[in-house]
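> need a structure here:
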Amino acid sequence: MVPVDRRGVRAVVEGRRITVRGRVQGVGFRPHVARLARRLGIRGGVQNTMDGVLIRAEGTQEALEAFIRAIVAEAPKAARIDAMEVAPDRPEGALDFRILPSRAAGRSTSVIPVDTAVCEACLAEMRDPHDRRYRYPFITCTQCGPRYTVIEALPYDREQTVMRAFSLCPDCAREYGDAEDRRYHAETIACPACGPAVRLIDAGGRPIPGDPIAQASALLRAGKIVAVKGLGGYHLACDATREEAVFELRRRKRRPRKPLAVMAASVEAARGAVRLSPEEEALLASPAAPIVVAERRDGGPLAPSVAPGLRTVGVMLPYTPLHHLLFDAGAPALLVMTSANLSGLPIFYRDEEALEGLREIADAFLVHDRPIAHPLDDSVVRLVGGDIDFLRRSRGYVPDPLPSPFDVDGVVGLGSEENNAFAFGRGTQLFVGPHIGDMETVEVEERYIREFEHFHRWLGVDFNIIAMDRHPLFATRRIAERLKAAFPDVEIVEVQHHHAHMAACMGENGLEGPAFGIILDGTGYGTDGAIWGFEVLYGSYDGFRRVAHLRYTPLPGGDKAVREPWRNALGMLVRLFGREEALRLLEARFPERRTALPILASLVERRELVAEAGTCGRLFDAASALLGLAEVAGYDGEPAILLSERVDADAEYAPYAFAIEEGDPMVIDMTPMLRALLHEYGEGRPIEAIAGRFHATIVASLVEVIRRARMRHPAWSRDVVLSGGSFHNPYLRVHLRRALRALGMNVYTHRLLPPGDGGLAAGQIWVAARTKRAR
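Have a look, this model is predicted:
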């Protein structure tokens, strides 16, 4: 058909070459373009490339202009267009508009799509008895389902995913090729006739007869523990309202106190267990479907062992069809749904390894034959002061890139020792990898290398700079040396831990610098060899100066003092109060440790034998031990969490006294605070009031440091960034921001990255990239 204009005169056909970059693969973008083209009379084709999506379009000028506008205005909800280039193109006389085979040549600039929760349209079909996908646990479409966890290579096509093992049946093939069908070119399309299937087996690997999902639901109702294969790995599930079931899961998993996540059948079921704001409900129901940490209801249905000693609990909604079907089949409306791993090991995601590793924990395994290409933990978030606080950034957010305020091409950040996530720089985009966890075992290190290599291949980055933490014993140093051996031309740049935290918050907020950085965390290797973690810095990406820090105190036993906070309390009191007074106070507080106390006190007095530390995490640990909350940590961060949960984040508390020693840097001395804290505890004052004053003192001391620094240096910037794992603490985050703003400061916090070590690799990249440019 020859195009004509409104007067019936033959119209001039023009061509356009349109390149679209961003999150445009795996989100139904090509079908979207094809439908628009047919609607507007455009001919040509669209294809996935390593550069994003390429469109060759032919039509009248008027139709092409409308087509280009509609590409953006009507883009799929899951898509994100970062850039669109339009150039003239020679018409080739195309007869129609087609989705063309993908092109794998060239350097990748595409964005790997994220996994998303099953959409409402798919759920409606799954629950429709007349639909051919009725009760099918792997229903997906162009707008939902697995992406990152099933992709093996780019561009995103079925043959590049684990779904290539499942040949399409005639019905699925028809839908896949029908431009009017909502599964048009849906690469994960499947149905009961041709797709993956689910089965239930016992701990010995033997099939359990009957409907697998109905039987699994019955086991959960009976108080049993079921391992469930999800999007990115296995979960261990049990009835979250039955104390005996939760207790047994903890006993078998050897996880006595660390809080467990809960999956609620619906928002209504979640409301019965925790208090939810409209914003928290929206997060729960979002496509990312993260675990949301919320305040548990007093007298609610959750078993006490779900989160012992805590006022909060992490809750999520079902995000796969299989989860929904479990609840539809009668599973308890509140299920513990915790990552299936053993202590120090990553999440199980391969069937044979899960069966072997979990046979002593799970009573049954709900498995399926769709392989998981890349393991991925659940994301964990919390709303603090209206902002998202990422405790763990993973499923639903990885591997979406962050914009960079400057070019970071070819720079990789290896991350930290704890809560590790690596990152890659490509152009002005920064890609933070999946949550890897603590780098304490060979198995975790192997998973790190495997996922790092996948990102390297996917992103097409020829890296020339490796940024790593300065700590001499971190596993990332070994990895850097291994990469250096494989790529001899790369340069290794060491980045101080807290400088990286500061840069991460600056870069996320698009700041050029300079700025103040208030960095509070548990540990970081300082430039003087001490353990830093209560830092006020000033500078930018290319350098910093230390404005103030907490007075150093010893850590008797090193890492053992982290696991046993009473040791940390001893080190602080002996150094700050003197041996005689400290032992008198400590023997009254820890009478059962009367024999060990003087021995450790003698060790503390020999400075050459103990590590020196000045960190917010260890200050919290000492206070928690002295107040009887946690003499021994049941899991990483427990003492600080227990102390923070005794505080009303919306309340105001009078700070204790503290001292600041003038100098360069200034030294913050909490001796007066600790003395007053112990006095009030001895007088029987409520721990909640003492904990509140403790928090208020930290805020007041930092505000005073900034005030003095601004008086000394009135020309210094008013920008200040807050970073470090201690800013997961709602009170510190909200009240320090409020107090600094009252001082006239511009305060920036994390909203896209975790403030803890999960965001460290981004900061490492920003420091290394700017350092390279400065040279």
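> Mind pulling the model confidence for the residue nearest to residue 471 when sequence neighbours are not counted?
Computed as C-beta to C-beta, 6 or more residues apart in numbering, the closest residue to residue 471 that is not its neighbour in sequence is residue 525, at 4.0 Å. Glycine gets a C-beta too; all of them are placed from N, C-alpha and C. What the model reports as pLDDT for residue 525 is 96.
> Give me the phi and psi for residue 525.
Per-residue torsions, residue 525: phi -70, psi 120 (degrees, to the nearest 10).
> go on, residue 419?
Taking degrees, to the nearest 10 as the convention, residue 419 sits at phi 50, psi 50.
> Who are the contact partners of the residue nearest to residue 471?
Going by C-beta atoms under 8 Å, 6 or more residues apart in numbering, residue 525 touches 469, 470, 471, 472, 496, 497, 531, 532.
> Run through the strands of the stretch 301-450 of the chain in chain order.
Here the stretch 301-450 of the chain has its strands, by DSSP state E, counting those that start in this stretch, at 312-316, 334-339, 364-368, 380-384, 387-392, 402-403, 411-413, 423-426, 429-432.
> what's near enough to touch the closest residue in space to residue 445 that isn't next to it in sequence?
Take residue 445 and drop its neighbours on the chain: the residue closest to it by C-beta to C-beta, 6+ apart is residue 475, 5.7 Å away. Contacts for residue 475 (C-beta under 8 Å, 6+ apart) come out as 417, 439, 440, 445, 448.
> Outline the domain layout of the chain.
Per the record, the chain has its domains at 14-99, 198-368, 550-716, by automatic domain parsing.
> Could you point out which of those domains sits nearest residue 168?
Shortest distance between residue 168 and the domains of the chain, using C-beta to C-beta, is found for domain 14-99: 15.3 Å.
> what mean pLDDT would you report for the closest one?
Domain 14-99 shows a mean pLDDT of 91.
> centre of the chain versus it, how much separation?
Domain 14-99 sits 33 Å away from the centroid of its parent chain (C-alpha atoms, centre = their mean, to the nearest Å).
> Now do that domain: distance from first to last residue.
Distance across domain 14-99, first residue to last, is 20 Å (C-alpha to C-alpha, to the nearest Å).
> quick one, what contacts residue 351?
Residues in contact with residue 351 (C-beta under 8 Å, 6+ apart) are 229, 367.
> repeat that for 7 Å
Residues near residue 351 by C-beta atoms under 7 Å, 6 or more residues apart in numbering: residue 367.
> ok so residue 478 is a strand residue?
No. Per DSSP: H, G, I helix; E, B strand; the rest coil, residue 478 lies outside any strand segment and is helix.
> how near is it to residue 288?
Residue 478 sits 33 Å away from residue 288, going by C-beta to C-beta, to the nearest Å.
> quick one, which of these two is more surrounded?
For residue 478 versus residue 288, the count of surrounding residues by other C-beta atoms under 10 Å is larger for residue 288: 21 against 12.
> could you measure the more buried one against residue 554, distance?
Residue 288 is 43 Å from residue 554, by C-beta to C-beta.
> same check, this time on residue 575
Residue 575 sits 6 Å away from residue 554, going by C-beta to C-beta.
> May I have the predicted confidence score for residue 108?
pLDDT, residue 108: 65.
> If you could redo that for residue 443, that was the one I meant.
On the pLDDT scale, residue 443 gets 94.
> Secondary structure element holding residue 769?
Applying DSSP states H and E as the criterion places residue 769 in helix 760-774.
> Just the buried residues of that helix, please?
By neighbour count on 16 or more other C-beta atoms under 10 Å, the buried set for helix 760-774 is 760-772.
> now swap in stretch 398-411 and tell me
Within stretch 398-411, the residues that count as buried by 16+ other C-beta under 10 Å are 398, 399, 400, 401, 402, 404, 405, 407, 408, 409, 410, 411.
> Quick one: low-confidence residue ranges for the chain.
Across the chain, the ranges flagged by pLDDT under 70 are 1-10, 105-109, 773-775.
> the longest helix in it is where?
helix 687-712 (DSSP state H).
> Could you list every helix and strand in contact with it?
Contacts defined by 3 or more C-beta pairs under 7 Å, 6 or more residues apart in numbering; DSSP states H and E place helix 687-712 against strand 531-540, strand 543-550, strand 666-669, helix 671-682, helix 730-742.
> what is the orientation angle of that helix with strand 531-540?
40 degrees (axes from the mean of the first three to the mean of the last three C-alpha atoms, to 10 degrees).
> Following element in sequence after helix 687-712, please.
Per DSSP H and E, the first helix or strand lying C-terminal to helix 687-712 is strand 719-723.
> just the angle between that next one and helix 760-774, please?
In terms of direction (the same axes, to 10 degrees), strand 719-723 departs from helix 760-774 by 140 degrees.
> What subset of the contacts of residue 525 is buried?
Neighbour counting by 16+ other C-beta under 10 Å classes 469, 470, 471, 496, 497, 531, 532 among those as buried.
> so who does the residue lying closest to residue 769 once chain neighbours are set aside touch?
Closest residue to residue 769 apart from its sequence neighbours, by C-beta to C-beta, 6+ apart: residue 408 at 4.4 Å. By C-beta under 7 Å, 6+ apart, the residues touching residue 408 are 425, 430, 765, 766, 769.
> now swap in residue 341 and tell me
Residue 341 sits next to 347, 348 when contact means C-beta under 7 Å, 6+ apart.
> What distance do you get for it to residue 435?
Applying C-beta to C-beta, the value for residue 341 to residue 435 is 12 Å.
> One more: residue 104?
Look at residue 104 and residue 435: by C-beta to C-beta, they are 29 Å apart.
> Between those two, point out the one with more neighbours.
Higher neighbour count among residue 104 and residue 435: residue 435, with 26 against 14, using other C-beta under 10 Å.
> Quick check: the more buried one vs residue 375, distance?
10 Å.
> go on, residue 174?
As defined by C-beta to C-beta, residue 174 lies at a distance of 34 Å from residue 375.
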